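S.K.: Could you look at this predicted model? Sequence included:
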Amino acid sequence: MTVPARLAAALIATPDPENLSAFYQETLALGEPHHVSDEHIGFRTSGAYLGFDRAAVVPVRGGVTLWFEVEDLEASVARMLASGAGEATEPFATGEQERGVTLRDPEGNLVGLIASEG
């Protein structure tokens with residue numbers, strides 16, 4: 001039997017890893033970075049490693065949606081909007097007991113937030 005793959009890391013290419021990583025760090029309460037260098041900033045989350053790589057040219061923006069499980073959907077959306085995220089969708093059902101919202105981070109990458117109801 002094949003064991004299902006588990007997401008180990010998500011890396012975002014950006015011309016400004018300091019600002020973009022600070023957006024995620026502050027709005028999602030990621031804590032202190034696990035790794036910091038001139039070319040990379042990374043965080044260990046409860047599920048996977050989230051990294052931001054410096055790239056002079058970002059070939060495609062918005063090609064991947066990053067989904068984060070949050071405790072309070074409305075508060076998380078409010079923090080992201082206050083910190084420069086683009087307009088959020090209306091909350092929608094993502095399962096029997098879950099709601100989700102999508103929005104764009106300050107660089108235009110699509111971000112999804114999901115929270116359990118109940």
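M.R.: On my side now, so go ahead. Quick caveat, the model's predicted, so the values are computed rather than measured.
S.K.: All the helices of the chain, residue numbers only.
M.R.: Assigned helices in the chain, in chain order: 17-27, 73-82 (criterion: DSSP state H).
S.K.: Name all residues that make contact with the spatially most central residue of the chain.
M.R.: With distances taken as CA atoms, centre = their mean, the residue of the chain nearest its centroid is Leu66 (5.0 Å). In this structure, Leu66 makes contact with 10, 12, 50, 109-112, judged by CB atoms under 8 Å, 6 or more residues apart in numbering. To be clear about C-beta, it is placed using only N, CA and C from the backbone, and glycine gets the same treatment.
S.K.: For ChimeraX, write the selection for the buried entries among the residues you listed.
M.R.: Those of the contacts of Leu66 that count as buried under 16 or more other CB atoms under 10 Å are selected in ChimeraX with:
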select :12,50,109,110,111
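S.K.: quick one: which two of the contacts of Leu66 are the most distant?
M.R.: The most widely separated members of these are Leu50 and Leu110, with 14.9 Å between them, by CB to CB.
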